[in-house]
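Asks: Everything below, folded, please.
(chains A and B)
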Amino acid sequence: GENVEQHPSTLSVQEGDSAVIKCTYSDSASNYFPWYKQELGKGPQLIIDIRSNVGEKKDQRIAVTLNKTAKHFSLHITETQPEDSAVYFCAASMNSGGYQKVTFGTGTKLQVIP
Amino acid sequence: NAGVTQTPKFRVLKTGQSMTLLCAQDMNHEYMYWYRQDPGMGLRLIHYSVGEGTTAKGEVPDGYNVSRLKKQNFLLGLESAAPSQTSVYFCASSYSGQPQHFGDGTRLSIL
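Replies: Numbering: from 1, shown residues only, chains lettered A, B, ... in the order given. Take a look at the predicted model:
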């Protein structure tokens, strides 16, 4: 089955700096890669996603890149703000018998220091 | 527009007791999911549903049952709770087959 590894597990950055979270996946059948932000006491929130036919996608201060050959994808947050502090999860998804099987990474706790 | 609502938010059970977790969505989504989240692990899929009246097993279905009698509701049942089922449970829904909207979770402790 699919295996998603996520690094680092914790990340501290100064406000205004950039943050990068990296994930690798094992199954080349994965074709959709969402990223979720989870604030304390809340459920995960889909913040950005990328499909396998796209190499990069941006949405304001966040961007995702995908390298299909190397089977890795990354989340980039620029000009970090204290409200970016949260746990971020990557995931890899593939079609599996009529539904999209989603495998999540283990999460990165991001702390933005004011 | 409430999105995905989970009840209860917290619960403490004794080993062997039963309970039902309720998930309700008001977005007319076909797909609904139940996940569990444990420390140091990603979310793991327990059961899912692709429409009213349908259910299917996910990665970790043992010890749980589900029902989707109405499109907007997805119930997760524990027939005989075990300490290994202590976890945070999340419900999610979507129209596309990818989990998009999550509830805020039910924190369940089994003593």
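
Asks: Not counting its own residues, what contacts stretch B:32-40?
Replies: Contact partners of stretch B:32-40, identified using C-beta atoms under 8 Å, 6 or more residues apart in numbering or on different chains, comprise A:106, B:21, B:23, B:25, B:43-49, B:58, B:60, B:64, B:66, B:68, B:74, B:76, B:87-94, B:99, B:105. (Glycine included, C-beta is placed from N, CA and C.)

Asks: now stretch A:64-84: mean pLDDT?
Replies: Averaging pLDDT along stretch A:64-84 yields 97.

Asks: Show me what counts as buried in stretch A:32-41.
Replies: Within stretch A:32-41, the residues that count as buried by 16 or more other C-beta atoms under 10 Å in any protein chain shown are A:32, A:33, A:34, A:35, A:36, A:37, A:38.

Asks: restrict those residues to those near chain B?
Replies: Taking C-beta under 8 Å from any C-beta of the partner chain as the test, chain B is in contact with A:32, A:34, A:36 out of the buried residues of stretch A:32-41.

Asks: pLDDT, distance to residue A:79 and secondary structure for those - can I get that in JSON lines?
Replies: Shown next, in JSON lines, are those (pLDDT from 0 to 100; distance: C-beta to C-beta, whole Å; DSSP: H, G, I helix; E, B strand; the rest coil):
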{"residue": "A:32", "pLDDT": "94", "distance to residue A:79": "27", "secondary structure": "strand"}
{"residue": "A:34", "pLDDT": "95", "distance to residue A:79": "23", "secondary structure": "strand"}
{"residue": "A:36", "pLDDT": "96", "distance to residue A:79": "21", "secondary structure": "strand"}
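
Asks: Nearest to residue A:71 among the residues you listed?
Replies: Within those, the smallest distance to residue A:71 is 13.9 Å, found for residue A:32 (C-beta to C-beta).

Asks: What is the neighbour count of residue B:54?
Replies: 13 (other C-beta atoms under 10 Å in any protein chain shown).

Asks: Relative to chain A, how far out is it?
Replies: 10 Å (C-beta to the nearest C-beta, to the nearest Å).

Asks: So that residue, which state does it fall into?
Replies: Under DSSP: H, G, I helix; E, B strand; the rest coil, residue B:54 falls in the coil class.

Asks: How about it: what's its closest non-neighbour residue?
Replies: Excluding its sequence neighbours, the residue lying closest to residue B:54 (C-beta to C-beta, 6 or more residues apart in numbering or on different chains) is residue B:68, at 6.3 Å.

Asks: Since that was my last question, I'll sign off now.
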